[in-house]
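# the sequence and its predicted three-dimensional model are supplied below.
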Amino acid sequence: MKIGYARVSTQDQKLELQVSELEKYGCENIYKEKKSAIKDRPELDNMLAHLRSGDAVVVWKLDRLGRSLRHLINLVALFKEKGVDFISLNDNIDTTTIQGRLIFNIFASFAEFERELISERTKAGLKAAREKGRVGGRKPGLSDEAKTKAWAAHQLYEQGEMPVADILNQLHFSKATFYRYLEWAKENLKDKPKRKKKK
């Protein structure tokens with residue numbers, strides 16, 4: 001199934017052109033992001049949750065999908081893992097072709113490299129937090145390990161470089177737990193341990 005994704009930009013708040021081109025291409029279902037928010041994209045998250053192997057995600061331009069190059073690379077790699085093709089109409093990218101599959105593999109390699117870096121940083125951060133014995137916060141109910149994960153989730157989310165689905169995979173917990181941790185972290189920001197400055 002061809003699935004379209006359209007998103008407004010800060011310059012152009014209308015979706016008509018994008019939707020029209022996606023419909024002409026034969027998209028049976030189009031997810032329409034009507035706000036140009038950088039972090040919160042409910043329609044993108046909704047689309048990712050419903051993708052199935054054999055689907056093809058179609059966008060008008062690359063910049064309508066990814067909020068940054070890193071984000072775009074992670075999304076395209078996620079499509080590859082799910083067995084989903086990717087087509088960008090204005091950029092002549094079509095992973096159903098040989099040339100498109102080559103681009104797919106390049107994006108996937110970059111994403112794997114990035115995931116390994118993030119994994120190393122996350123593990124290092126969790127280890128450092130345990131060694132420092134992070135304790136504190138007004139709201140009871142979280143163990144020290146859970147608090148550490150909550151700070152890690154909050155940091156990755158605030159960086160705005162990974163979709164929520166990737167953060168969940170990276171830290172191994174459910175969406176409900178993720179948002180509970182985010183809420184806890186936001187309520188306890190003043191208690192978040194500061195990094196020690198290097199002498």
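Great, that's in hand.
# quick one, what contacts His71?
By Cβ atoms under 8 Å, 6 or more residues apart in numbering, the contact set of His71 is 160-163. In this view, the C-beta of every residue, glycine as well, is placed from N, C-alpha and C.
# next, it: phi, psi?
phi -60, psi -40 (degrees, to the nearest 10).
# domain ranges for the protein?
2-108, 133-191 (automatic domain parsing).
# who does Asn29 form a beta bridge with?
Ile3 (DSSP bridges).
# correct me, but it touches Ile3?
Yes: assessed by Cβ atoms under 8 Å, Asn29 is found in contact with Ile3 at 5.1 Å.
# neighbour count: those two, which is higher?
The neighbour comparison of Asn29 against Ile3 (other Cβ atoms under 10 Å) goes to Ile3, with 20 against 13.
# which residues touch that one?
Taking Cβ under 8 Å, 6+ apart as the criterion, Ile3 is in contact with 27-31, 47, 51, 55-58.
# one more pass at 10 Å, please.
22, 27-31, 47, 50-52, 55-59, 84 (Cβ atoms under 10 Å, 6 or more residues apart in numbering).
# out of the residues you listed, list just those in helices.
If you go by DSSP state H, the contacts of Ile3 have 22, 47, 50 in helices.
# between those residues, which has the most around it?
Highest count within those by other Cβ under 10 Å belongs to Leu22, 25 neighbours.
# of the contacts of His71, buried ones?
161-163 (16 or more other Cβ atoms under 10 Å).
# in terms of distance to Ala176, which of those ranks first?
Pro163 (16.9 Å; Cβ to Cβ).
# does that closest one touch Gly66 like I think?
Yes: with contact defined as Cβ atoms under 10 Å, Pro163 and Gly66 form a contacting pair (9.4 Å).
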